[in-house]
Every structure is written in structure tokens, then in C-alpha cells.
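>>> Sequence and predicted structure are below.
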Amino acid sequence: MELKSAVLAVAALCLALALLLPRVALSQRLATADAPAPAPAPRHVDLAELLSLAGPYGTFLGYLTKTGVITTFQSQANDTAAGAPGVTVFAPEDSAFAAVGGGAALSNLTADQLRTLMLCHGVPRYHPLSSFSALAASGPAPTFAGGQQYAVNVTDAAGTVRIQSGWATAKLVSSVYSTSPVAVYALNRVLLPEQIFPTAPKVAPVPAPAPAPVHGDKANDGAPGAGEHGASDVKSSSCRVGAGRLLAILAVMRV
């Protein structure tokens with residue numbers, strides 16, 4: 001009798017477990033489905049690779065590498081923690097470096113001066129293009145060089161952004177990359193702080209854009225000899241008309 005009771009108790013326990021386990025599994029699946037998906041891992045931007053592939057920034061990248069400033073910028077770019085300020089890099093084009101005394105002005109700098117100059121081309125905060133109007137109104141922006149004397153002034157006039165530092169006013173010509181926390185913008189000038197350059201270096205003027213080609217009839221409007229050719233045609237036509245009238249008068253007189 002006791003054996004029969006034990007068997008019945010075990011059977012009842014198995015039945016209860018069979019009914020309970022599917023509900024537990026379903027609850028676990030629902031809890032998993034409701035849980036938010038994990039945030040994607042932050043994407044680190046390789047600044048050296050970006051500048052190497054993006055365009056004419058080889059001279060700038062060479063100076064960044066030579067001075068070790070690329071490591072400073074890259075470390076700031078890699079900080080993707082919540083609340084990290086990010087980084088903004090102003091990258092002068094190769095032609096901008098060639099325009100500064102044919103490149104000789106920079107070759108005469110000491111190692112410390114060259115490093116400071118490169119640090120002046122980075123701001124330790126991410127600034128998208130949409131923020132430049134507010135940045136221009138807020139006053140000078142501090143750079144990695146540190147100190148107010150190395151800050152840059154930003155102006156935004158009708159969408160044309162310029163960065164001013166010491167002897168140079170550079171125009172922001174394009175956005176190379178801009179996704180938080182990294183922004184890289186192309187400049188047509190090298191920034192030249194007065195603390196590094198006591199006197200203004202000789203800088204070649206920015207070439208004027210080529211004039212647009214003229215098409216159609218307008219191409220002949222200012223062509224040399226165009227007016228003379230037209231006057232000649234009018235004059236010969238007038239002579240032909242005058243000769244015709246003279247012949248008609250002589251014919252009438254003979255009659």
C-alpha cells in the first residue's frame with residue numbers, strides 16, 4: 001500500500017513538472033525578447049588612414065607623424081565613452097603648405113615650434129558644420145596647443161566659414177569627415193600663430209578661380225576685329241546702294 005502511494009506521488013510530481021516547465025521556458029523567451037539589443041561597439045576612426053586616402057593632405061600628415069601629434073589627435077578620437085568631447089581637426093591642403101614661403105618657413109622651425117604649430121590645427125571637441133555659427137558667436141576656440149594665445153577665431157558669414165590664427169585667415173573648403181566624435185575639415189591655408197611666427201611669413205596668394213567659358217554668340221562679342229568686320233560690311237553695302245542710285249539717275253537723264 002505504501003509502495004502504491006509512493007508511485008502515485010512520483011507520478012503526480014512528474015505531471016506537475018511537465019505542466020510547469022513549458023511555462024517557465026515561455027517566460028524566459030519573452031524576457032529575452034523584451035530585453036533591449038546591445039549597443040553596437042563604437043567605431044574608431046584611423047586619422048592617419050583617413051588623411052592618407054581622403055585627398056591632398058600628405059604634407060600635413062607627414063608633419064603630424066613627425067611631431068607625434070597624430071598620436072594626440074588619435075587618442076582623443078578613440079575616446080568614445082559617454083560624454084567624451086571628441087576632436088575636430090583642421091587639415092591644410094598640400095598647396096597651402098607650399099604657399100608658406102615655398103615651404104621654407106616651416107623647415108626653419110624648431111621641433112617644439114613645429115609640434116605646437118600642428119597642435120594648433122586641432123580642437124579638443126567635436127564640432128559638426130551646423131555648430132560653426134554658434135562657435136563663431138561664442139569667441140575663440142581653444143586648440144590642443146593650450147592657452148588663449150593659441151586659440152583660433154571662427155567666423156561664419158552666409159555659410160562661408162573661416163578660421164583665423166595670427167597671420168593667417170584660412171577658408172574651410174570642405175568637410176573631409178564628420179561623424180561624432182570625429183570631424184576633419186580641409187583648409188586652404190596653414191594657420192600661423194604669432195607666438196610661433198613673430199613676423200608675417202611670405203605667403204603666396206590663393207589662385208583666383210578660372211573664368212567660366214563663354215558659349216554661343218557671346219563668344220564673338222568681344223573678339224578682336226569683330227567691330228571692324230561689322231563696320232566694313234555696312235560700309236560696302238552703303239557703297240553698293242549709292243552706286244545703284246547713280247546709275248538710275250544717269251539712265252533717266254539719257255531718256
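Here it is on my side, so go on.
>>> C-alpha from now on. contacts and neighbour counts both.
Will do.
>>> Strands of the stretch 151-255 of the chain, start to end?
153-157, 160-165, 168-179, 182-187 (DSSP state E, counting those that start in this stretch).
>>> Please name the strands paired to the longest one in the sheet, noting orientation.
This means strand 168-179. Paired neighbours of strand 168-179 in the sheet (DSSP bridges): strand 160-165 (antiparallel), strand 182-187 (antiparallel).
>>> neighbouring contacts of the first one?
Under the contact criterion Cα atoms under 8 Å, 6 or more residues apart in numbering, strand 160-165 has outside partners 132, 150-156, 169-172, 191-194.
>>> Give me the buried positions along it.
161-165 (16 or more other Cα atoms under 10 Å).
>>> Any chance of those residues in CSV with distance to residue 144 as columns?
Putting the buried residues of strand 160-165 into CSV (distance: Cα to Cα, whole Å) gives the following:
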residue, distance to residue 144
161, 20
162, 19
163, 15
164, 16
165, 14
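>>> what mean pLDDT does stretch 144-160 have?
Confidence for stretch 144-160, expressed as mean pLDDT, is 93.
>>> Skipping its backbone neighbours, what lies nearest residue 139 in space?
Closest residue in space to residue 139, ignoring its immediate chain neighbours: residue 153 at 6.7 Å, by Cα to Cα, 6 or more residues apart in numbering.
>>> In ChimeraX, select just the buried ones from the contacts of strand 160-165.
Those of these that count as buried under 16+ other Cα under 10 Å are selected in ChimeraX with:
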select :132,150,151,152,153,154,155,156,169,170,171,172,191,192,193
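>>> Check the spacing between residue 159 and residue 131 real quick.
Going from residue 159 to residue 131 by Cα to Cα, to the nearest Å gives 11 Å.
>>> do residue 78 as well
For residue 78, the distance to residue 131 - Cα to Cα - is 22 Å.
>>> Show me which of those two is the more surrounded one.
residue 78 (18 against 10; other Cα atoms under 10 Å).
>>> Could you report the neighbour count for the nearest residue to that one once chain neighbours are set aside?
In space, and not counting its chain neighbours, residue 78 is closest to residue 44: 5.7 Å by Cα to Cα, 6+ apart. Residues near residue 44, counting by other Cα under 10 Å, number 13.
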